[in-house]
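Asks: Here is the input, now give the coordinates:
(one chain, ligands or ions: 1)
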Amino acid sequence: KQELDTLHGKALQELGDVQDTKRLGDWRVSYLGKKSELTTLSKQMGQLDAESRPAYGQMLNELRQALEGAFATKKATIEEAEQNARLASETIDITLPGRVTEVGAVHPISKVIREIEDVFLGMGFTIADGPEVETDHYNFEMLNLPKDHPARDMQDTFYITEELLLRTHTSPMQVRTMERLHPHAPIKVLVPGRVYRRDEDDATHSHAFTQIEGLVVDKGIRMSDLKGVLEAFAKALFGENQRVRLRPSYFPFTEPSAEVDLVCVHCQGSGCRVCKDTGWIEILGSGMVHPRVLDMAGYDSSIYSGFAFGMGPERIAMLKYGITDIRQLYQNDLRLLRQFA
Ligand SMILES: Cc1ccc(OCc2nc(C(=O)N[C@H]3CCS(=O)(=O)C3)cs2)cc1
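Replies: Have a look, this model is predicted:
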């Protein structure tokens, strides 16, 4: 009896220290398994005298049941603890804020180019793309800028060879379009693209910038068509109550030529430093296509007429979004770019 009580106490004491199912399994093997003391004692029952055997057997069974019970309770406790631990680790706190996925943003210049393209697409223009490495022939000669013309040095040009250069405007692609569609097809084409200038890379100029030019050629195209189209463009981009003003100008490839002003977006025309107190801001250049340009490209200028315009999307973006320094468009400052997401 004494021996069994000691065994009972030892088993329960050890069970108290068991914390996980692995250790629990080991305890079960050592106290209830084939090689356990309990099993050994049971086997030795045969050596007992007959009259004390039933009582002893009874005590052995009670001990086994007690240990089995203690084991089952411990097992349930440990499993519950493990279950709770698992639940705790897998608990998702749904009140936590979501993880924001970083999204990019469209660059203000790209945004403006797309808006400008949409406006002219809506007016039935086609969008064309052309080579950035051009010939002197298409970049200058076909635009009424012969070899000795003084206007050439205005276009500080990156020459690659005597004949090859980086285009200084997107006009060559309009010439190519006329050559492809002449002598009769009407033309309404918009040519956005990168153009290059050699003059110093200062605060307001960059060697490479974007330009968008447009060309309309048909029978009976008049200056009023030019004004109407450009006014519709200005209203689409800068608001319905915008107005445009045409100021006489000169370009070798257009005659007459006109620079187009917008009512100052900053002061609505009352005058400020942005518009130098004139109330107007220049947004683009334009004019009726010079008859020689039409003839050289295969359209008979006695039958056909047309108008053309050219603008810088950087400048349009600056006006539209109130960006005062052109360099801000190239510094990739996220504080600026994020505003266009
Ligand atoms: C066949 C053809 C005939 C005529 C053409 O005239 C395109 C034109 N461009 C301008 C003009 O002022 N452009 C500048 C404005 C700002 S800018 O982006 O630096 C370039 C006026 S008329 C084009 C093609």
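
Asks: Identify the residue spatially nearest to residue 19, adjacent ones excluded.
Replies: Distances taken as C-beta to C-beta, 6 or more residues apart in numbering place residue 78 nearest to residue 19, at 7.1 Å, with adjacent residues excluded. Yep, even glycine has a C-beta here, placed from its N, CA and C like the rest.

Asks: Help me confirm that the one you found is found in a strand?
Replies: No: membership of residue 78 in a strand is not supported by DSSP: H, G, I helix; E, B strand; the rest coil, which gives helix.

Asks: so it touches residue 21, yeah?
Replies: Yes: taking contact to mean C-beta atoms under 8 Å, the distance of 5.8 Å between residue 78 and residue 21 places them in contact.

Asks: Comparing these two, which shows the higher neighbour count?
Replies: Looking at residue 78 and residue 21 with other C-beta atoms under 10 Å, you find the greater number of neighbours at residue 78, namely 17 against 13.

Asks: before we move on, back to that, list the contacts of the residue nearest to residue 19.
Replies: The neighbourhood of residue 78, defined by C-beta atoms under 8 Å, 6 or more residues apart in numbering, consists of 18, 19, 20, 21, 24.

Asks: As CSV, those residues with secondary structure and distance to the ligand would be great.
Replies: As requested, the contacts of residue 78 are exported to CSV (DSSP: H, G, I helix; E, B strand; the rest coil; distance: C-beta to the nearest ligand atom, whole Å):
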residue, secondary structure, distance to the ligand
18, coil, 83
19, coil, 78
20, coil, 76
21, helix, 77
24, helix, 82
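
Asks: from the residues you listed, which would you call buried?
Replies: 18, 24 (16 or more other C-beta atoms under 10 Å).

Asks: Need the contacts of residue 78 in JSON lines (columns: distance to residue 141 and pLDDT).
Replies: Conversion of the contacts of residue 78 to JSON lines gives the following (distance: C-beta to C-beta, whole Å; pLDDT from 0 to 100):
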{"residue": "18", "distance to residue 141": "97", "pLDDT": "91"}
{"residue": "19", "distance to residue 141": "92", "pLDDT": "89"}
{"residue": "20", "distance to residue 141": "89", "pLDDT": "88"}
{"residue": "21", "distance to residue 141": "90", "pLDDT": "89"}
{"residue": "24", "distance to residue 141": "95", "pLDDT": "92"}
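
Asks: residues shared between the contacts of residue 78 and residue 21?
Replies: Taking C-beta under 8 Å, 6+ apart as the contact definition, residue 78 and residue 21 share no neighbouring residue.

Asks: Pull the number of nearby residues for the residue in the stretch 201-341 of the chain that the ligand sits nearest to.
Replies: Here the stretch 201-341 of the chain gets closest to the ligand at one residue, residue 285, 1.8 Å apart by C-beta to the nearest ligand atom. For residue 285, the number of neighbouring residues by other C-beta under 10 Å comes to 20.

Asks: And the contacts of whichever strand or helix holds it?
Replies: Taking DSSP states H and E as the definition, residue 285 sits inside strand 280-289. Strand 280-289 is touched from outside by 215, 217, 221, 223, 226, 230, 234, 245-247, 249, 251, 253-265, 269, 274-275, 305-312, 315-316, 319, with contacts defined as C-beta under 8 Å, 6+ apart.

Asks: do you know how far the residue of the chain most remote from its centre is from the ligand?
Replies: Relative to the average C-alpha location in the chain, and by C-alpha atoms, centre = their mean, no residue lies farther out than residue 51, which sits at 93.2 Å. In this structure, residue 51 lies at 120 Å from the ligand, with C-beta to the nearest ligand atom, to the nearest Å as the measure.

Asks: Mind checking what secondary structure that residue has?
Replies: From three-state DSSP, the assignment for residue 51 is coil.

Asks: Roughly how far does it sit from residue 1?
Replies: Separation of residue 51 from residue 1 (C-beta to C-beta, to the nearest Å) stands at 15 Å.

Asks: thinking again about what came up before, tell me the bridge partners for the residue of the stretch 201-341 of the chain closest to the ligand.
Replies: Beta bridges link residue 285 to residue 259, residue 310, judged by DSSP bridges.

Asks: Now tell me which helix or strand of the chain has the poorest mean pLDDT.
Replies: Taking mean pLDDT, DSSP states H and E as the measure, the helices and strands of the chain show their lowest mean at helix 151-154, namely a mean of 62.

Asks: Any buried residues in the helix or strand following it, and which?
Replies: Tracing the chain past helix 151-154, the next element assigned as helix or strand by DSSP H and E is strand 164-166. By neighbour count, with 16+ other C-beta under 10 Å as the criterion, the buried positions of strand 164-166 are 165, 166.

Asks: just checking, next helix/strand downstream of strand 164-166?
Replies: Of the helices and strands lying after strand 164-166 in sequence (DSSP H and E), the nearest is helix 171-181.

Asks: Give me the distance from that next one to the chain's centre.
Replies: 33 Å (C-alpha atoms, centre = their mean, to the nearest Å).

Asks: what's the average pLDDT for it?
Replies: Averaged across helix 171-181, the pLDDT comes to 97.

Asks: ditto for stretch 126-137
Replies: Taken as a whole, stretch 126-137 has an average pLDDT of 97.

Asks: All set, thanks.
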